[in-house]
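*Asks:* quick check, what structure comes out for this input:
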Amino acid sequence: MKLFKISVSTPVAVGLVTGLVIGVVAILIISGRVSSSSERVVAYEEVVESIIEQPLEPSKLETPPEEEYDGPQLAQSMPIETKETWLSWMQDNRNDAPAFLGDRWKLAHDFVLSNELKRPEDVRAFLLSPREYFVRSQNKGLEYADTWLPIGYGATITDPDVVAMMTSTLNINPGDKVLEIGTGSGYQSSILCYLTNKVYTIEIIKPLFAETDNLLQALEKSNPAYGAIKRKLGDGYYGWEEYAPFDKIIVTCAVDHIPPPLLKQLSPGGIMVLPLGPPGRQYIMEVKKEVDLDGSITLSRRDVYNGMRVSFIPFRNEAGASYSTSEPVEKPPIPAALSTRQSARED
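*Replies:* Below you'll find the predicted structure:
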């Protein structure tokens with residue numbers, strides 16, 4: 001075998017060797033940092049403390065990762081017949097904090113009894129979603145309280161029972177393409193990705209988008225299904241036309257009409273679930289879209305809570321103005337858990 005020999009002068013050789021050594025050292029340092037940072041799930045405070053004031057780079061405003069992990073398949077393998085079998089499976093297969101598992105099981109059990117979690121698929125997705133990571137630091141201790149909680153920027157994380165009911169109403173099947181309007185804390189997305197690996201979510205508040213995007217990335221080591229959540233910073237009123245049509249659409253902010261762009265992007269036979277009505281007087285509505293042979297559209301609506309009112313933050317545009325034309329009816333009530341905490345502080 002003939003070897004090729006390249007002759008170089010001594011100074012050049014020294015320079016090449018020095019550059020090579022520096023490069024190798026740099027690679028080892030970077031590799032060590034990556035390895036050490038990926039050994040654990042990063043807590044919320046650690047994820048967001050350094051990004052609040054930093055502007056997002058244009059390349060980071062929209063993150064459509066590849067679908068590399070099948071969340072629904074994992075969910076299907078999880079036993080839910082008894083609390084004991086579920087806990088054993090979670091300990092063997094997951095890295096969730098054990099202290100919260102009992103509370104999560106109890107909420108799921110309660111919502112099955114109240115018919116807010118209707119199918120085994122919905123129960124499994126709920127049980128796989130660690131709400132403790134999505135409740136912000138100022139409300140630690142209320143991770144599994146059945147109430148909405150503030151997450152900053154005028155936004156909230158929705159009551160877990162309403163999240164369960166809206167999720168069940170969508171009747172999501174593996175392979176369904178689902179659009180979420182209002183990423184917020186990321187909790188609803190975390191449930192959706194265990195029902196289908198085609199989840200698309202939009203958030204309009206830039207710093208909230210940054211927080212949640214970083215949080216989902218940090219949690220992806222323990223929850224690989226989060227890698228299939230496509231995330232976008234933008235005005236959700238206009239949907240995400242690039243990926244339309246969608247089989248299911250969930251809106252997590254209130255408006256007094258069905259946004260026409262979202263209705264257009266909903267597939268024939270598709271379902272949209274949204275809080276509909278004027279501020280302070282909203283109802284969770286299921287909207288089904290049917291397209292006749294002549295192209296005419298028929299909509300059917302159903303109040304999923306049969307007259308029970310809910311309170312959601314307004315659906316706003318990029319200027320912060322509500323898309324609703326109705327005047328506010330009343331101020332939304334303070335969650336009981338927060339009201340009790342406030343009273344204790346005043347005492």
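
*Asks:* where exactly do the helices run in the stretch 51-200 of the chain?
*Replies:* According to DSSP state H, counting those that start in this stretch, the stretch 51-200 of the chain carries its helices in the segments 71-76, 83-93, 98-113, 120-127, 160-170, 187-192.

*Asks:* the one helix or strand residue 248 maps to: how far from the chain's middle?
*Replies:* Assigned by DSSP states H and E, residue 248 falls within strand 246-251. Between the centre of strand 246-251 and the centre of its host chain there is 14 Å, according to CA atoms, centre = their mean, to the nearest Å.

*Asks:* again, but for stretch 182-191
*Replies:* 2 Å.

*Asks:* just the terminal-to-terminal distance for that stretch.
*Replies:* 14 Å (CA to CA, to the nearest Å).

*Asks:* longest strand anywhere in the chain?
*Replies:* strand 266-276 (DSSP state E).

*Asks:* what comes into contact with that strand?
*Replies:* Here strand 266-276 makes contact (CB atoms under 8 Å, 6 or more residues apart in numbering) with 166, 169-171, 177, 181, 245-258, 262-263, 282-291, 304, 310, 312. Where you see a C-beta, it was placed from the backbone N, CA and C, and this is true even at glycine.

*Asks:* recalculate using a threshold of 6 Å.
*Replies:* 166, 169-170, 245, 247-251, 254, 282, 284-289, 291, 310, 312 (CB atoms under 6 Å, 6 or more residues apart in numbering).

*Asks:* again, but for stretch 155-162
*Replies:* 107, 111, 116, 134, 146-151, 184-185, 187, 208, 313.

*Asks:* then that stretch to PDB, C-alphas only?
*Replies:* C-alpha atoms of stretch 155-162 as PDB (Å, rounded to 0.1, in the frame of the first residue of the first chain):
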ATOM      1  CA  ALA A 155     -51.900  34.500  31.300                       C
ATOM      2  CA  THR A 156     -53.000  31.400  33.300                       C
ATOM      3  CA  ILE A 157     -52.700  27.700  33.500                       C
ATOM      4  CA  THR A 158     -56.200  26.300  33.100                       C
ATOM      5  CA  ASP A 159     -58.000  24.300  35.800                       C
ATOM      6  CA  PRO A 160     -57.000  20.600  35.400                       C
ATOM      7  CA  ASP A 161     -60.600  19.500  35.300                       C
ATOM      8  CA  VAL A 162     -61.400  21.900  32.400                       C
END
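
*Asks:* chain center to it: distance?
*Replies:* Taking mean C-alpha positions (CA atoms, centre = their mean), stretch 155-162 and its chain are 12 Å apart.

*Asks:* still on that earlier bit, can I get the helices of the stretch 51-200 of the chain in a markdown table including mean pLDDT, mean neighbour count and distance to residue 297?
*Replies:* Shown next, in a markdown table, are the helices of the stretch 51-200 of the chain (pLDDT from 0 to 100; neighbours: other CB atoms under 10 Å; distance: least, CB to CB, whole Å):
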| stretch | mean pLDDT | mean neighbour count | distance to residue 297 |
| --- | --- | --- | --- |
| helix 71-76 | 96 | 19 | 30 |
| helix 83-93 | 97 | 13 | 43 |
| helix 98-113 | 97 | 16 | 33 |
| helix 120-127 | 98 | 23 | 28 |
| helix 160-170 | 98 | 23 | 20 |
| helix 187-192 | 98 | 25 | 25 |
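
*Asks:* so which of those helices gets nearest residue 232?
*Replies:* Smallest distance to residue 232 across those (CB to CB): 11.8 Å, for helix 187-192.

*Asks:* pull up the pairing partners for the strand holding residue 248, direction included.
*Replies:* According to DSSP bridges, strand 246-251 forms sheet pairs with strand 178-181 (parallel), strand 266-276 (parallel).
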